[in-house]
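Enquirer: Here's my sequence, what's the structure:
(2 chains)
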Amino acid sequence: MRETGLAGTPGQNVSPTLSRRRVLQLGAAALPALCGARLLAGALTGSGVETARAADATAPADGYDPSAHSWAFAVDTTTCIGCGRCVDACKQENHVPAEPEMNRTWVELHVLNQDGSVRVSAPDGGIRGFPTEETMPEADAADVRDAYFVPRLCMQCENPPCTWVCPVSATYKNADGVVLVDETRCIGCGYCMVACPYGARYMVPAGETTPKGVAGVVDKCTFCYHRITRGQLPACAEVCPTSARIFGDRNDPQSAVSVALNERRVRVMKPGLGTRPRVFYTGLEGEVD
Amino acid sequence: MSVQVAGRTVSADPRVAVRMIRLEVAGTPRPLKLWFALLTVLCMIGAVGALIALPPGWEVLGTSPTVEWGILITGYVFFAITTSGLCLASSLGTVFGIEMFIPLEKRHAILALLSLITAFGLIALDLHYPIRMVFGAVLSPSPFSPMWWMGVFYGAYLVFLMTEVWSMFTGHWQVHRFACVLSSITAILAPTTLGAVFGVLAARPYWHGAFTPPAMVTAALLSGIALLGIVFALVNRFQLAGWERATTLAIPAIRLLMMIVLPVTMLVLAWQMMFGLYGVVPGLADATKAILVGPLALQFWIIRVGLGLLVPLVLVVRRRSRTPTGLFAASCLVFLGLLADRMIFVSAGQIAPGTAVAGVVSSPWAEYTPSPVEIAIIVGAFAFFALVYTLAERYLPMGEHEGHLVGSFLGSTEHPGGTREEPAEPVLASEPILVSDAVPAPDAVPALDAIPAPSVAPVLDPAGGAL
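Expert: Numbers count the residues shown, from 1 in each chain, chains lettered A, B, ... in the order given. Got it, this is the predicted structure:
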């Protein structure tokens, strides 16, 4: 009788004892099955191909070495005039939805009153500027102690809560410090959105896609990764008429951002959370904590 | 050719089967038929909502970057804690062998399995790429993400529950004992991890902290107890399978649990509010204010505290309302209160954002209105749950089995299973506190006395000539 691998004779209840040959046969069958499952999963999720991360909008230039850079951003709130050109440029550059409530970057107007209260406004993310009738309809100059514009963007944290919480490792931090989203892995759970202390993320809305053409996933500022890896400035810094947005490589001591961080008194937003942002502010008061 | 389904012979011939179903429908009492019809319609409404919500990129939810988690997440959390609470409450019988909790066994397992399936359905509809979730979680595990662990524990819980239910109906008592223990352990791990999903978020002061996981387990336990209270009061009301022991043992047992867990929940809630009122944690004071005097105050004080905690406590403590009907009312109110509690919990973490989100400044509170699709899905989820459970109650043998007689528990040296020699004494029926349950309540008139399905096959078996 040909060995079937299972003990027992026909007509009897076979016991589940496996022969060595049967185990090897099962192993030989399981290996390609597992490989096939891995490939299938890769096809379905895109996670099987590591280079999928390097596609389209977040694609670095050929030969780009992330470990050779340490990107950082400085925002000078004392020179920002709230024109909103940065918001507009970002929307055009990064396929950001036209909806005013979806922005990778935006500008806020902070009005500090004498009694210590703060009024924050950002009509349409500041893309149209700040018409007085919308931001301060009941403005009383005597009550105001200070006012300034605060450009906002992803803080590209050294210790990003968003990457910690992602259940499928779809959002990750590169060696150059930029936090990116792998759209082919993102499941659209929104956990990173609720985890972000800076409100820097949004879910791509109906009828819209990411620059890569993916719908229903999370999108965020990447410092214009496709530009900076080619030696260009992020779109927002490029168009800023007052150089309130300063970008550069901290590994280069001569870069604009290194000079700015060395020469000015800067602070980060919500330092108590331990996120260690790569976006630094000058002229910011404590109310943003 | 025919197959046996739940002890009844069903023909495999499609024409005969259809005829049998028609006969079955014709033989169903009218009130039950209406109940099934209502639930089916609601399920269909939910199914339409689900189909609309499925394709990624169809913005049919009322959520926004500021309030990203809406009522689908609320519903998921609600069903996910309920499923755990059912096992926690019943573990006193299934694991520890306390006689008065043993009648809970079969029903709790089916309810827990259904509740978990409903929870999974809701989370799948909230996710834009649920398939990616499954593959991603397996192939790119993220052990630092509580959400990943939540998937692991609830996945394991599903397996243990399925094993528990399967072994319960097939008489594999050895397997059943282990499944009961494992599912009860996982019933603690899973809601703790669900609490951690919210607890790790420093960006959301109301959710943040090590306090959230144990608070979630407390809510889970109360939720499971409430659902058991509703179901067993109905078992008593309609004299369903095993209703005698349900009345003498299970209902007092559930009431006892509720008497203990309601004050504990109140204490947990009071401390939660107290921490918020201290005002030393940035953002927590705003969230607490939203609950106590802000936009969530109405549902907090009236539904959560008044109807959901205080009234039920009075109902289970007062001697006059210690009846199955009193427990039913208390359980329904607790269930309603917990639903409000989960809505408050999910909202409070997002309604007072610590910063502008994606360029939107929410002042003073972020707004969120569920879309019709979300409401349809939630209604459909509850209807699905009720429909499948009613079917199970009607067509599955829900009477107690013999796998959990004394001596069949882990740690015992006696052989599992066996035959019940004599009906168990209603051990606590003689105690004054439980006197009112020793006999069926006066209102226990079997209005739907035909709910238990006929147990004889020939009615439906063409081979028997009855057709």
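Enquirer: make it CA atoms for all contacts and neighbour counts henceforth
Expert: Fine.
Enquirer: Flag the helix or strand of chain A with the lowest per-element mean pLDDT.
Expert: helix A:20-45 (a mean of 49; mean pLDDT, DSSP states H and E).
Enquirer: for residue 119, helix, strand, or coil?
Expert: By default, I'm working from chain A. In three-state terms, and counting by DSSP: H, G, I helix; E, B strand; the rest coil, A:Arg119 is strand.
Enquirer: wait, I meant chain B there
Expert: helix.
Enquirer: just how off-centre is stretch A:242-255 within its chain?
Expert: Relative to its chain's centre, stretch A:242-255 lies at 20 Å (CA atoms, centre = their mean, to the nearest Å).
Enquirer: got the end-to-end distance for it?
Expert: With CA to CA, to the nearest Å as the measure, stretch A:242-255 spans 18 Å from end to end.
Enquirer: buried sites along it?
Expert: Buried residues in stretch A:242-255, counted by 16 or more other CA atoms under 10 Å in any protein chain shown: A:243-250.
Enquirer: For it, which outside residues touch it?
Expert: Outside stretch A:242-255, the residues that touch it by CA atoms under 8 Å, 6 or more residues apart in numbering or on different chains are A:68-81, A:233-234, A:236-237, A:256-260.
Enquirer: let's see it at 6 Å
Expert: Among residues not part of stretch A:242-255, those counted as contacts by CA atoms under 6 Å, 6 or more residues apart in numbering or on different chains are A:69-76, A:79-80, A:237, A:256-258.
Enquirer: Can you narrow these down to the ones near chain B?
Expert: Taking CA under 6 Å from any CA of the partner chain as the test, chain B is in contact with none of the contacts of stretch A:242-255.
Enquirer: would a markdown table of these with secondary structure be doable?
Expert: Shown next, in a markdown table, are the contacts of stretch A:242-255 (three-state DSSP):
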| residue | secondary structure |
| --- | --- |
| A:His69 | coil |
| A:Ser70 | coil |
| A:Trp71 | strand |
| A:Ala72 | strand |
| A:Phe73 | strand |
| A:Ala74 | strand |
| A:Val75 | strand |
| A:Asp76 | strand |
| A:Thr79 | coil |
| A:Cys80 | coil |
| A:Ala237 | helix |
| A:Ala256 | helix |
| A:Val257 | helix |
| A:Ser258 | helix |
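Enquirer: As TSV, the residues you listed with distance to B:Glu105 and pLDDT would be great.
Expert: Below are the contacts of stretch A:242-255 laid out as TSV (distance: CA to CA, whole Å; pLDDT from 0 to 100):
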residue	distance to B:Glu105	pLDDT
A:His69	61	96
A:Ser70	59	97
A:Trp71	59	97
A:Ala72	60	97
A:Phe73	60	97
A:Ala74	62	97
A:Val75	62	97
A:Asp76	65	96
A:Thr79	69	95
A:Cys80	67	96
A:Ala237	65	97
A:Ala256	69	95
A:Val257	66	96
A:Ser258	67	96
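Enquirer: Generate a ChimeraX selection restricted to the buried entries among the residues you listed.
Expert: Restricted to buried positions by 16+ other CA under 10 Å, the ChimeraX selection for the contacts of stretch A:242-255 reads:
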select /A:69,70,71,72,73,74,75,76,79,80,237,256,257,258
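Enquirer: what pairs with the single nearest residue of the stretch 301-450 of chain B relative to chain A across the strands?
Expert: Taking CA to the nearest CA, chain A has its nearest neighbour within the stretch 301-450 of chain B at B:Val357, 3.9 Å off. Beta-bridge partners for B:Val357, by DSSP bridges, are B:Val360.
Enquirer: What residues does the stretch 51-200 of chain A have near chain B?
Expert: Residues of the stretch 51-200 of chain A lying near chain B (CA under 6 Å from any CA): A:101-103, A:106, A:125, A:164-165, A:167-168, A:187-189, A:195, A:197, A:199-200.
Enquirer: Filter those down to the buried ones.
Expert: The buried subset of these (16+ other CA under 10 Å) comprises A:101-103, A:106, A:125, A:164-165, A:167-168, A:187-189, A:195, A:197, A:199-200.
Enquirer: quick one: which of those sit in strands?
Expert: A:Trp106 (DSSP state E).
Enquirer: residue ranges for the strands of the stretch 51-200 of chain A, please.
Expert: Along the stretch 51-200 of chain A, counting by DSSP state E, counting those that start in this stretch, strands occupy A:71-76, A:106-113, A:118-121, A:144-152, A:171-173, A:179-181.
Enquirer: so what strands line up beside the fourth one?
Expert: By that I understand strand A:144-152. strand A:106-113 (antiparallel).
Enquirer: Tell me how far the strand it pairs with lies from the chain's centre.
Expert: With CA atoms, centre = their mean, you get 23 Å for strand A:106-113.
Enquirer: could I have it exported to PDB, CA atoms only?
Expert: Taking Å, rounded to 0.1, in the frame of the first residue of the first chain, the C-alpha atoms of strand A:106-113 are listed here in PDB:
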ATOM      1  CA  TRP A 106      -2.500  77.400   7.000                       C
ATOM      2  CA  VAL A 107      -2.100  80.700   8.700                       C
ATOM      3  CA  GLU A 108      -3.800  81.800  12.000                       C
ATOM      4  CA  LEU A 109      -4.300  85.200  13.500                       C
ATOM      5  CA  HIS A 110      -3.700  85.300  17.200                       C
ATOM      6  CA  VAL A 111      -5.000  88.300  19.100                       C
ATOM      7  CA  LEU A 112      -3.900  88.600  22.700                       C
ATOM      8  CA  ASN A 113      -6.100  90.800  24.800                       C
END
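Enquirer: Does B:Ser84 touch B:Thr186 like I think?
Expert: No - counting by CA atoms under 6 Å, B:Ser84 stays clear of B:Thr186, with 8.0 Å between them.
Enquirer: which one of the two has more residues nearby?
Expert: B:Ser84 (32 against 23; other CA atoms under 10 Å in any protein chain shown).
Enquirer: list the contacts for B:Leu61?
Expert: B:Ser371 are the contacts of B:Leu61 under CA under 6 Å, 6+ apart.
Enquirer: quick one: secondary structure of it?
Expert: coil.
Enquirer: Next, it: phi, psi?
Expert: phi -100, psi 160 (degrees, to the nearest 10).
Enquirer: Let me know the pLDDT of it.
Expert: At B:Leu61, the model reports a pLDDT of 83.
Enquirer: Over to the one 10 residues further on?
Expert: At B:Ile71, the predicted lDDT confidence score is 95.
Enquirer: for A:Ser121, same thing?
Expert: Note for A:Ser121: predicted pLDDT of 89.
Enquirer: got it, and A:Val144?
Expert: A:Val144 is given a pLDDT of 83.
Enquirer: so what's it up against?
Expert: A:112-114.
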